[in-house]
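A.B. asks: Next come a sequence and a model predicted from it.
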Amino acid sequence: MNITRENVDALNAVVKVDIAKEDYSEKVEKILSDYRKTANIPGFRKGHVPMGMVKKQYGKAVLVDEVNKLLQDALNKYLTEEKLDVLGQPLPKPQDDINWDADGFSFEFELGLAPEFEVKLKGKKAITHYHIVADDKMIDEQIERIQKQYGKLVSQEDVEKDSEITGAFKNEEREIDNTVSLTLDKFKGKATEKKFIGAKPGDVIALKTKGLYDDEHELMHALKLGKDDVDGLDIEVTFTITEINKRELADLDQELFDKLFGKDTVKTVTELRDKIKEDAEKQFVQQADQKLLNDVTEYLVESTKFDLPVDFLTKWMRTAGEKELDEVQAREEYEKSEKGLRYQLIEGKLITDNDIQVTIDDIKDHARDMIKAQMAQFGQMNASDKELDDIAARVLSNQDEARRISEQLISQKLLAIYKEKANVKVKELSYEKFVKEVYGDK
């Protein structure tokens, strides 16, 4: 067998694989001999079928199968040994007239080669890494939510601004009849709030669905309708009040502290505020880190310039999926996936350059930590090592889950490198200001 490569240019190559008769003949003869021992052909005893007949009936199929196996094995071995970084998969050049009676065969494959490039992490413009803090306003609001959640309901005769109102939304034509509990602060306009103030159980309030809520998910919940049903919905509904309550705030005492955090973990309001701040800011770290990861990714894709074998990749995409694409569809698919492909190459380069590795022990430890944290949320604080190992083993037996954890760990290691080596500036601000700055004032 002989394999040669011709480089068309820096991003494209053609590999030619020549297979001689001596590469496959012995294996083909052995397979046909085995067939002869087991072949069941009328008129011949088992094991006594003439070899000529076996070859006539099975010879070509066996030959084609063995040559294809040899071809794939040889090509894969060649790519590995030559350390060729190929994109997609090798594409066989069409051959319509293979003479399977010949003593040797030649096959050609097109290759798309990964480009060579450098990644510069430190750009001229600094990328912001947000340090989000829980300010007094946020802590006060969280304490009030806790007090409401653990407080008790007190019946009211009429609706006030902070009432919890139970009733049913109805519209006969659209067959809407849904009982919900609501608060006035969820409505979009003050005019709707005014319709409720002073109302009593039994009162019926007419409402327009258009502009009733800021968030369409609130309308979906209120009317028990799907997303498509509430999109652009402009009808009149009635709301019949059945019950009005006010939630009396729970006392900030030891009983409440123990319910929230376990016995004697928190003993004073000051400690409660510190605990809320600490827990909130832990969550903010994840959000800020994800924002940094996204921004550095965007910067790297935009700033790292290299060419790709576009024609090869477009051709490969025509047959790479479950459904074959035409040329226009393949070009559209390439354009949609180009940015992701570029980042995959950049990420691979960073992983190689920085010797980033994730071991099976890293994956197991991460799975154990994840399981331990989940169990703690349900009050299971003292899980044994054996329990954690057994659950982790079950989780990691799912290859998709193991791959997901591995990708998470790689992202964490890349993030650490970005913080160390990229041009990053830290900006401290409250969560409210972070949301406004990053996502707009919505």
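C.D. replies: The structure has been received and is ready for your questions.
A.B. asks: quick one, phi/psi of Gly151?
C.D. replies: phi -80, psi -180 (degrees, to the nearest 10).
A.B. asks: helix or strand for the residue nearest to Lys21 when sequence neighbours are not counted, which one?
C.D. replies: Leaving aside its sequence neighbours, Lys21 sits nearest to Asp103 (C-beta to C-beta, 6 or more residues apart in numbering; 4.3 Å). Quick note: C-beta positions are derived from backbone N, CA and C, even for glycine. Counting by DSSP states H and E, Asp103 is held by no secondary-structure element, helix or strand.
A.B. asks: per-residue confidence at Asp103?
C.D. replies: Confidence at Asp103, expressed as pLDDT, is 87.
A.B. asks: I figured it was touching Asp23, is that so?
C.D. replies: No: with contacts counted by C-beta atoms under 8 Å, Asp103 stays clear of Asp23, the gap being 10.5 Å.
A.B. asks: out of these two, which sits in the more crowded spot?
C.D. replies: Asp23 (18 against 10; other C-beta atoms under 10 Å).
A.B. asks: residue contacts, the more buried one?
C.D. replies: Contacts for Asp23 (C-beta atoms under 8 Å, 6 or more residues apart in numbering) come out as Met1, Leu70.
A.B. asks: And the strand or helix carrying it, what's buried?
C.D. replies: Assessed by DSSP H and E, Asp23 sits inside helix 21-38. Along helix 21-38, these residues count as buried under the neighbour rule (16 or more other C-beta atoms under 10 Å): Asp23, Tyr24, Lys27, Val28, Ile31, Leu32, Tyr35, Arg36.
A.B. asks: Now those in JSON lines, please, with extra columns for distance to Asp177 and pLDDT.
C.D. replies: Output for the buried residues of helix 21-38, formatted as JSON lines (distance: C-beta to C-beta, whole Å; pLDDT from 0 to 100):
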{"residue": "Asp23", "distance to Asp177": "76", "pLDDT": "92"}
{"residue": "Tyr24", "distance to Asp177": "74", "pLDDT": "90"}
{"residue": "Lys27", "distance to Asp177": "74", "pLDDT": "92"}
{"residue": "Val28", "distance to Asp177": "75", "pLDDT": "90"}
{"residue": "Ile31", "distance to Asp177": "72", "pLDDT": "90"}
{"residue": "Leu32", "distance to Asp177": "75", "pLDDT": "88"}
{"residue": "Tyr35", "distance to Asp177": "72", "pLDDT": "80"}
{"residue": "Arg36", "distance to Asp177": "77", "pLDDT": "82"}
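A.B. asks: Specify which member of these is nearest to Lys364.
C.D. replies: Distance to Lys364 across those (C-beta to C-beta) is lowest for Lys27, with 41.8 Å.
A.B. asks: Next, the contact list for the closest one, please.
C.D. replies: Glu66.
A.B. asks: Going by residue numbers, what spans are helices in the stretch 101-250 of the chain?
C.D. replies: 136-150, 190-196, 216-223, 227-230 (DSSP state H, counting those that start in this stretch).
A.B. asks: Reformat those helices as a markdown table; add mean pLDDT and mean neighbour count.
C.D. replies: Shown next, in a markdown table, are the helices of the stretch 101-250 of the chain (pLDDT from 0 to 100; neighbours: other C-beta atoms under 10 Å):
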| stretch | mean pLDDT | mean neighbour count |
| --- | --- | --- |
| helix 136-150 | 93 | 14 |
| helix 190-196 | 93 | 15 |
| helix 216-223 | 93 | 18 |
| helix 227-230 | 90 | 13 |
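A.B. asks: what's the closest of those helices to Ile3?
C.D. replies: helix 227-230 (55.7 Å).
A.B. asks: for that closest one, packing partners?
C.D. replies: With contacts taken as 3 or more C-beta pairs under 8 Å, 6 or more residues apart in numbering; DSSP states H and E, helix 227-230 sits against helix 216-223.
A.B. asks: Skipping adjacent residues, who's closest to Phe257 in space?
C.D. replies: Closest residue to Phe257 apart from its sequence neighbours, by C-beta to C-beta, 6+ apart: Val266 at 4.3 Å.
A.B. asks: for the one you found, what are its contacts?
C.D. replies: Phe257, Leu260, Leu272, Lys275.
A.B. asks: quick one, phi/psi of it?
C.D. replies: Dihedral angles for Val266 - degrees, to the nearest 10 - are phi -120, psi 130.
A.B. asks: related to what we said a few turns ago, following the helix holding Asp23, which helix or strand comes up?
C.D. replies: helix 51-81.
A.B. asks: any idea of the mean pLDDT for that next one?
C.D. replies: Confidence over helix 51-81 (mean pLDDT, whole number) is 90.
A.B. asks: Would you mind getting the angle between it and helix 21-38?
C.D. replies: 130 degrees (axes from the mean of the first three to the mean of the last three C-alpha atoms, to 10 degrees).
A.B. asks: nearest to Ile165, of the helices of the stretch 101-250 of the chain?
C.D. replies: helix 190-196 (6.8 Å).
A.B. asks: Tell me the helices and strands packed up against the closest one.
C.D. replies: The elements that helix 190-196 packs onto, with contact taken as 3+ C-beta pairs under 8 Å, 6+ apart, are strand 204-208.
A.B. asks: if you set the cut-off to 6 Å instead, what comes out?
C.D. replies: Using 3 or more C-beta pairs under 6 Å, 6 or more residues apart in numbering; DSSP states H and E, no helix or strand is in contact with helix 190-196.
A.B. asks: Give me the nearest residue to Lys124, chain neighbours excluded.
C.D. replies: Lys124 sits nearest to Asn423 (C-beta to C-beta, 6+ apart), 7.4 Å away.
A.B. asks: Neighbours of the one you found, how many?
C.D. replies: Per other C-beta under 10 Å, the neighbour tally for Asn423 reads 15.
A.B. asks: surely it meets Lys125?
C.D. replies: No: using C-beta atoms under 6 Å, Asn423 is not in contact with Lys125; the gap is 7.1 Å.
A.B. asks: all strands of the chain, in order?
C.D. replies: If DSSP state E is used as the criterion, the strands of the chain fall at 2-9, 12-19, 86-92, 105-113, 127-133, 152-155, 164-171, 176-183, 204-208, 236-248, 424-430.
A.B. asks: how about a markdown table for those strands, with mean neighbour count and distance to Met370 added?
C.D. replies: Formatted as a markdown table, these follow (neighbours: other C-beta atoms under 10 Å; distance: least, C-beta to C-beta, whole Å):
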| stretch | mean neighbour count | distance to Met370 |
| --- | --- | --- |
| strand 2-9 | 12 | 45 |
| strand 12-19 | 18 | 44 |
| strand 86-92 | 17 | 34 |
| strand 105-113 | 19 | 38 |
| strand 127-133 | 18 | 23 |
| strand 152-155 | 10 | 37 |
| strand 164-171 | 19 | 37 |
| strand 176-183 | 15 | 35 |
| strand 204-208 | 13 | 45 |
| strand 236-248 | 16 | 35 |
| strand 424-430 | 13 | 27 |
